[in-house]
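> Let's see this in three dimensions:
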Amino acid sequence: MADSGTTWGAALAASAPGPGSGGPGPREKARGGADDEGPVRRQGKVTVKYDRKELRKRLNLEEWILEQLTRLYDCQEEEIPELEIDVDELLDMESEDARAARVKELLVDCYKPTEAFIAGLLDKIRGMQK
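Below is the predicted model:
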């Protein structure tokens, strides 16, 4: 049995380009068979679906934030004062109170009440992943 494996390996090495010749060497060819690619593809699909869902949530949140800020500042999107609401920063904070305080700090120049916006934002980011 060992001889047939060796013979196959030798035949593969003789027919495949060697290392440094631009093509896959015998080990890469032997390991990269169709059996190995199946599980990798399925795992990739699961990851892609998961990432798309999370990205969609982020995009929806950003659009909601822009809409709310245009209402709070009573202006067009281009005219919103320079402020950055960093969702990842908020997610890193340990408590809802710390998150609310940070957003309130960012909106210090807003003359309209911000409590509803802050509550809505905190509700929307609850359960999101960093």
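> For the rest of this, base every contact and every neighbour count on C-alpha atoms.
Fine.
> In the chain, where is pLDDT below threshold?
Scanning the chain for pLDDT under 70 picks out the ranges 1-50.
> all helices of it, in order?
Ranges of helices in the chain, per DSSP state H, are 2-15, 26-31, 34-72, 87-92, 96-106, 115-125.
> Give me the buried stretch members for the fourth one, please.
The reference is to helix 87-92. Val87, Leu90, Leu91 (16 or more other C-alpha atoms under 10 Å).
> mind checking how far the second one is from Asp109?
So the one you mean is Leu90. Distance, Leu90 to Asp109, by C-alpha to C-alpha, to the nearest Å: 20 Å.
> Ala116 now?
16 Å.
> Next, count neighbours for Leu107.
By the criterion of other C-alpha atoms under 10 Å, Leu107 has 21 neighbours.
> err, Asp74, not the other one
Neighbours around Asp74, by other C-alpha under 10 Å: 14.
> same deal with Glu78?
8.
> which residues touch the nearest residue to Ile118 once chain neighbours are set aside?
Spatially, and ignoring its direct neighbours in sequence, Ile118 is nearest to Ala100 (6.3 Å; C-alpha to C-alpha, 6 or more residues apart in numbering). For Ala100, the contact set (C-alpha atoms under 8 Å, 6 or more residues apart in numbering) comprises Ile118, Ala119, Leu122.
> I figured the last one was touching Glu96, is that so?
By that I understand Leu122. Yes: with contact defined as C-alpha atoms under 8 Å, Leu122 counts as touching Glu96 (7.3 Å).
> Which one's more surrounded, those two?
Neighbour count, other C-alpha under 10 Å: between Leu122 and Glu96, Leu122 has more, with 19 against 15.
> Ser95 and Cys110: what is the separation?
For Ser95, the distance to Cys110 - C-alpha to C-alpha - is 24 Å.
> who's more crowded, these two?
For Ser95 and Cys110, the more surrounded residue by other C-alpha under 10 Å is Cys110, and the numbers stand at 14 against 11.
> which residues does Pro113 contact?
By C-alpha under 8 Å, 6+ apart, the neighbours of Pro113 are Leu72.
> What separation do you get for it and Arg58?
25 Å.
> cool, Gln68 as well?
Distance of Gln68 to Arg58, computed by C-alpha to C-alpha: 15 Å.
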